[in-house]
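In: could you work out the structure for the sequence below:
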Amino acid sequence: MDEPVSFGNKRTYEDFKKQIPILVQPHFDSIREFCLSLGKNVVEDVRMHRIVFGKSMTLRWFADVEPQNDVIIITIQKNRKEPHQIVNIKLDDEITALKEFLKEAYERI
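Out: Numbers count the residues shown, from 1 in each chain. Below you'll find the model as predicted:
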């Protein structure tokens, strides 16, 4: 698989991963891997406290993923005309429904 494109301060996911609380890392990694698997045009922008996933180099973002101590906050955008939706994933939450939601956002953005 090609390396995801990163913008801004050129932080890598490995650098970012060091600041993710250990309890949320498995869910965070799973969400990240799923977002990257949605298509070859998925762009990962590693920022200071979160990672934004977009579609193509224009970075029409569909998911903004931010780890916290015991939850992952995901802001999802399906298109620019609808308001963003915020989903909180707790440590014991199943993420199957979230994946369908992310896939729909990716396809519609």
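In: all strands of this structure, in order?
Out: With DSSP state E as the criterion, the chain has strands at 42-46, 51-55, 60-67, 71-76, 85-90.
In: and the angle for the last one with strand 60-67?
Out: Angle between the axes of strand 85-90 and strand 60-67 is 30 degrees (criterion: axes from the mean of the first three to the mean of the last three Cα atoms, to 10 degrees).
In: how about low-confidence regions in the protein?
Out: For the chain, residues meeting the criterion pLDDT under 70 lie at 1-9, 57, 59.
In: the spatially most central residue of it pairs with what?
Out: Residue closest to the mean C-alpha point of the chain, counted by Cα atoms, centre = their mean, is Val65 at 4.2 Å. Per DSSP bridges, the residues bridged to Val65 are Ile51, Ile74.
In: need the contact list for it.
Out: Phe28, Ile31, Arg32, Cys35, Arg50, Ile51, Val52, Phe53, Ile72, Ile73, Ile74 (Cβ atoms under 8 Å, 6 or more residues apart in numbering). C-beta here means a position set from N, CA and C on the backbone, and glycine is covered the same way.
In: which one of those residues has the most neighbours?
Out: Phe53 (27 neighbours; other Cβ atoms under 10 Å).
In: related to what we said a few turns ago, which one of the strands of the chain lies closest to Ile22?
Out: The closest of those to Ile22 is strand 60-67. By Cβ to Cβ, the value is 10.4 Å.
In: that closest one to strand 42-46, inter-axis angle?
Out: 40 degrees.
In: what are the buried residues along strand 60-67?
Out: Under the neighbour-count criterion of 16 or more other Cβ atoms under 10 Å, strand 60-67 has Trp61, Phe62, Ala63, Asp64, Val65, Glu66, Pro67 buried.
In: for the residue of the chain positioned farthest from its centre, give me its contacts.
Out: Here the chain reaches farthest from its C-alpha mean at Lys81, the gap being 20.3 Å by Cα atoms, centre = their mean. Counting by Cβ under 8 Å, 6+ apart, Lys81 makes contact with nothing.
In: need the max-distance pair from the buried residues of strand 60-67.
Out: Phe62 and Pro67, at 18.1 Å, using Cβ to Cβ across the buried residues of strand 60-67.
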